[in-house]
Every structure is written in C-alpha cells, then in structure tokens.
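Participant: need coordinates for the following:
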Amino acid sequence: MWQTLAQQWSELTPEHQHELFVYGGILMGVVLVGFGAIAILKSRVKKQADEPPPAGFSLADLRQMHERGDLTEEEFQAAKAKLIARTRGEPPRSEGTSGSAAQ
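Facilitator: Residues are numbered from 1 along each chain as shown. Model prediction:
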C-alpha cells in the first residue's frame, strides 16, 4: 500500500503536489477551527447549565398573580416589598416586628 502511494506521489507533477499540500493544509485548518468552535460552544453551554435558576417570583409574576386574584392587595404589597428588598440586598424583615426592642 505504501509503495503504491509513494509511486503515485512520484508520478504527480510538482504543481499537483503543491496543490495537494495547499488544499490539505486548508482542510486541516478548517477541521481545527471547527473543533475550536465546538469546544467554545460546549464551554458556554456548560456555564449556562451551571448557573442556578432565578429563585422566587419576578415582579411581573407577582402582578399577574394579583391581577388573576391569586393574591390580595395586602399580600401583593408585602411580596413586592420583600422582592424589592431582596433585589437591593437588604436583610429580610420579619413580619409582625415593629422595629422596637422586645422587652
């Protein structure tokens, strides 16, 4: 097999040999770029899969629940205040405390 390939190679003109090298190099470059693109896409997909889903409700979710009647006005306002506080990074306030120290 190798002898046949070597014989066929020697029968090619230098121009044809040059063309084979050029096109072979181009093909190898395309394959390497393809593998690189696949590796980048896989890493991006993995990063997205590793991110935790958002916790709780969004303000739009709360509005829809309120409009459907799933939440009363008081429940909606309390949930909205908690969501805004959590978004701002404020510590959650416990309900029923008036802010004064317990005796």
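Participant: where is the longest helix in the protein?
Facilitator: When the chain is parsed with DSSP state H, its longest helix is helix 14-50.
Participant: what packs against that one?
Facilitator: With contacts taken as 3 or more CB pairs under 8 Å, 6 or more residues apart in numbering; DSSP states H and E, helix 14-50 sits against no other helix or strand. All C-beta atoms are positioned from the backbone trio N, CA, C, and that covers glycine.
Participant: next SSE after it?
Facilitator: Next helix or strand after helix 14-50 toward the C-terminus (DSSP states H and E): helix 59-68.
Participant: neighbours of Leu62, how many?
Facilitator: By other CB atoms under 10 Å, the residues close to Leu62 number 20.
Participant: Trp9 now?
Facilitator: Neighbour tally, Trp9, other CB under 10 Å: 11.
Participant: so it touches Gln17, yeah?
Facilitator: Yes. Between Trp9 and Gln17 there is a contact at 7.2 Å, judged by CB atoms under 8 Å.
Participant: tell me the domain boundaries of the chain?
Facilitator: Using automatic domain parsing, the domains assigned to the chain come out as 16-49, 59-88.
Participant: ok so, going back, gap between the longest helix of the chain and the chain center?
Facilitator: Taking CA atoms, centre = their mean, to the nearest Å, the mean C-alpha location of helix 14-50 is offset from the chain mean by 23 Å.
Participant: next, Glu90: secondary structure please.
Facilitator: Counting by DSSP: H, G, I helix; E, B strand; the rest coil, the backbone at Glu90 sits in coil.
Participant: and the gap between it and Lys46?
Facilitator: 33 Å (CB to CB, to the nearest Å).
Participant: what of Arg63?
Facilitator: 34 Å.
Participant: likewise for His18?
Facilitator: Taking CB to CB, one finds His18 at 42 Å from Lys46.
Participant: now this structure, which segments are flagged as low pLDDT?
Facilitator: Low-confidence segments of the chain (pLDDT under 70): 50-55, 91-103.
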